[in-house]
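>>> 3D, please:
(2 chains, ligands or ions: 1)
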Amino acid sequence: MEIDRQTVDYVAKLARLYLDDKAMEDLREDLSQIVGYVTKLQELDTEDVEQTAHVLPLKNAFREDMVRQSMDRDRVLSNTDYKKDGFFEVPKVFD
Amino acid sequence: MEFEAVIGLEVHAELLTESKIFCSCTTEFGGEPNTHCCPVCLGLPGTLPVLNKKAVEYAIRAGLALNCNIARFSKMDRKNYFYPDLPKAYQISQYDLPLCRDGYVEIETEDGIKKIGIIRVHLEEDAGKLIHEENGGSSLVDYNRTGVPLIEIVSYPDMRTPEEARLYLTKLKSILEYTEVSDCKMQEGSLRVDTNISVRPVGSDTFGTKVELKNLNSFRAVYKALEYEFKRQAEAIKNGEEITQETRRWDENKGITISMRSKEEAHDYRYFPEPDIVPIVVGDEWIEEIRSNIPELPHQKKERFIKDLGLPAYDAGVITADKALSDFFEKCVELYDNPKTISNWVMGEILRGMKEAEIEASSLPISPEQLVMLQKMVDAGTISISIGKKVFDTMLKTGKNPNDIVEEEGLAQISDEGSLRSTVLKVIENNPKSVEDFLGGKEKAMGFLIGQVMKETKGKANPQMINEIMKEELSKLSKN
Ligand SMILES: [Zn+2]
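This is a model prediction of the structure:
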């Protein structure tokens, strides 16, 4: 399965990855192999197999609607250097 | 060539759970920024979201009230995109197996009842709030709203006019309020509306190019934006121009829509089944339990108001269309057992007052107790109904009790016979021409004379009493 460079560029862009030409080319080869390997599964007849929604044989794992104490704001903001007046501060975005 | 609009609506409504959809942080509106947060809703690595059962129940309740089929098997999916209001860089939503499908709501148009189809109702989590700073190059993020449960309600493009869109939204809002699934406060963002519109020649059954509209902060804005966009597209088609498929932003101040070029890049959300949440399986028993807990819906309440309270169908329809207004009405009727009298106040003074002050029924400064107090003062003859309406206006402005207003402004009805008789005599003396007219057979002249007494007493005279006294005094004159 050959993945073309355009597809790699597109996927990288969606993932906000900025890599040099060499790395992109390496990725293209890796992805071709990985997708090629997975494509083998397409050969299976899945006509009567139900679609997998989850790998665990579980359903309805719920919690009750109960409020508990949230975190201290100091701790919420402790992992960033970019904060202002209790907010996270990010580069300006426009709608 | 005549054109018609093809309009679809996407409505997001925050659910009225106490806690967030995947963690135990509060869903309370507001609060200091980033104080309703925990490792789960901040998307910190190593955390595991657990689905709030109530959120699922509310979504199903909304689906049932919107006549949807409830999926027996449903799952959450991961929608991937980067935006600073989304700390995980994905939103947990539903893609191909939404909780509810294929519903409808009925709207009452001028041409009768019309069904507006609903494609789906799905469950998802809300994002945070971004504040764009006026100066400087940064935006500020508050994650308090992140993880508040939402339903997204997607309609079929069944609406043909901005008015139909307005009717659909009004009906939808009232259903969500009645079922107590959402408080639908647009000003707090708990109800948000996006719409799409295309234009085609009347009678055509193909669709034109669709334009999406954003930044609609009120039902009025939705109506205005659709009205504007319909004209813009129809004009463009007449001039042989091509409609661009795009998202446009409603500019409230200028009253126009503006292209948002930045959004033209096609989205690719790479949905996949959410590995952190296991599937939702809904059995008949659970559905019936949820169904049995649905509070009375607007059309059921309307029927009850007509049948049990004897309201005219029109009044019942207007009052029940607005949950807060019908709550107000019912509270009044509980305190004062004459629904028609209360309905007259609501249909008349209250609706007028709400319109003039541009307020919602939920923020009326008058309580049911106060309105009933006012009506009882009218019943007791302390004030006339016309003075009652004046007192009502003051109550609306000040929130004061009616008895205080009547006392402060000296509005109590004059029922003192001696004082009324002397005013009547004074009016008779000052208006010999009208008296002569009356005695000459012009019945109408009496109305004028009574009007003069009212004027003298600033409207405070007891109308029945002046009527009687006036008749008495005039008949004395005619005998002479
Ligand atoms: Zn949380």
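>>> grab the longest strand from the chain for me.
No chain specified, so I'll use chain A. strand A:87-91 (DSSP state E).
>>> the chain in question should be chain B.
strand B:112-125.
>>> near chain A, anything from that strand?
No. Strand B:112-125 lies out of reach of chain A by Cβ under 8 Å from any Cβ of the partner chain, never closer than 12.4 Å. For glycine as for every other residue, the C-beta is placed from the backbone atoms N, C-alpha and C.
>>> tell me the helices and strands packed up against that strand.
helix B:53-65, strand B:90-93, strand B:100-109, strand B:149-155, helix B:162-178 (3 or more Cβ pairs under 8 Å, 6 or more residues apart in numbering or on different chains; DSSP states H and E).
>>> buried residues, the last one. List them.
Put plainly, it is helix B:162-178. B:162, B:164-169, B:171-178 (16 or more other Cβ atoms under 10 Å in any protein chain shown).
>>> got it, and stretch B:238-252?
So, applying 16+ other Cβ under 10 Å, buried residues of stretch B:238-252: B:247-250.
>>> near the ion at all, the longest strand of chain B?
No. Judged by Cβ under 5 Å from the ion, strand B:112-125 stays clear of the ion, getting no closer than 10.5 Å.
>>> work out the gap between that strand and the centre of the chain.
18 Å (Cα atoms, centre = their mean, to the nearest Å).
>>> ok, stretch B:49-64 next?
Counting by Cα atoms, centre = their mean, stretch B:49-64 comes out at 24 Å from the chain centroid.
>>> is chain A contacted by it?
Yes. Residues of stretch B:49-64 are located near chain A by Cβ under 8 Å from any Cβ, namely B:50-56.
>>> does the longest strand of chain A come close to chain B?
Yes. Interface with chain B: strand A:87-91 contributes A:87-91 (Cβ under 8 Å from any Cβ).
>>> any idea which of those residues has the most stuff around it?
Counting neighbours by other Cβ atoms under 10 Å in any protein chain shown, A:Phe88 leads the residues of strand A:87-91 next to chain B with 25 neighbours.
>>> and the nearest residue to B:Ala89 once chain neighbours are set aside, how many neighbours?
Nearest residue to B:Ala89, sequence neighbours excluded (Cβ to Cβ, 6 or more residues apart in numbering or on different chains): B:Phe82, at 5.4 Å. By the criterion of other Cβ under 10 Å, B:Phe82 has 10 neighbours.
>>> where exactly do the helices run in the stretch 151-300 of chain B?
In the stretch 151-300 of chain B, the helices defined using DSSP state H, counting those that start in this stretch lie at B:162-178, B:219-238, B:284-292, B:298-307.
>>> to the ion, which of the ones you listed lies closest?
helix B:162-178 (24.3 Å; Cβ to the ion).
>>> who are the packing partners of the closest one?
In terms of contacts (3+ Cβ pairs under 8 Å, 6+ apart), helix B:162-178 is packed against strand B:3-14, helix B:53-65, strand B:100-109, strand B:112-125, strand B:191-201, helix B:219-238, helix B:298-307, helix B:323-335.
>>> doesn't B:Asn144 lie inside a helix?
No. Assignment of B:Asn144 by DSSP: H, G, I helix; E, B strand; the rest coil gives coil, placing it outside any helix.
>>> who touches the closest residue to B:Pro33 other than its chain neighbours in this structure?
Distance criterion Cβ to Cβ, 6+ apart; nearest residue to B:Pro33, sequence neighbours excluded, is B:Asp142 at 3.9 Å. Applying Cβ atoms under 8 Å, 6 or more residues apart in numbering or on different chains, we find B:Asp142 in contact with A:87, B:33-34, B:128-131.
>>> looking at B:Asp142 now. What's its pLDDT?
At B:Asp142, the model reports a pLDDT of 97.
>>> and for B:His36?
So, for B:His36, pLDDT stands at 97.
>>> what about the residue nearest to it when sequence neighbours are not counted, neighbour count?
Nearest non-adjacent residue to B:His36, counting by Cβ to Cβ, 6+ apart: B:Asn144, 4.1 Å away. B:Asn144 is flanked by 25 other residues according to other Cβ under 10 Å.
>>> with only the CA atoms kept, save stretch B:193-210 in PDB.
What follows is stretch B:193-210 as a C-alpha-only set of coordinates in PDB (Å, rounded to 0.1, in the frame of the first residue of the first chain):
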ATOM      1  CA  VAL B 193     -28.400  28.500  17.400                       C
ATOM      2  CA  ASP B 194     -26.600  28.000  14.100                       C
ATOM      3  CA  THR B 195     -28.600  28.000  10.900                       C
ATOM      4  CA  ASN B 196     -28.100  27.300   7.200                       C
ATOM      5  CA  ILE B 197     -30.100  28.700   4.300                       C
ATOM      6  CA  SER B 198     -30.300  28.200   0.600                       C
ATOM      7  CA  VAL B 199     -32.600  29.800  -1.900                       C
ATOM      8  CA  ARG B 200     -34.400  28.300  -4.800                       C
ATOM      9  CA  PRO B 201     -37.300  29.200  -7.200                       C
ATOM     10  CA  VAL B 202     -40.700  28.400  -5.700                       C
ATOM     11  CA  GLY B 203     -41.800  25.000  -6.800                       C
ATOM     12  CA  SER B 204     -38.300  23.600  -7.400                       C
ATOM     13  CA  ASP B 205     -37.400  20.500  -5.500                       C
ATOM     14  CA  THR B 206     -33.600  20.700  -5.800                       C
ATOM     15  CA  PHE B 207     -31.500  22.500  -3.300                       C
ATOM     16  CA  GLY B 208     -29.500  25.700  -3.900                       C
ATOM     17  CA  THR B 209     -26.000  26.200  -2.400                       C
ATOM     18  CA  LYS B 210     -26.100  26.300   1.300                       C
END
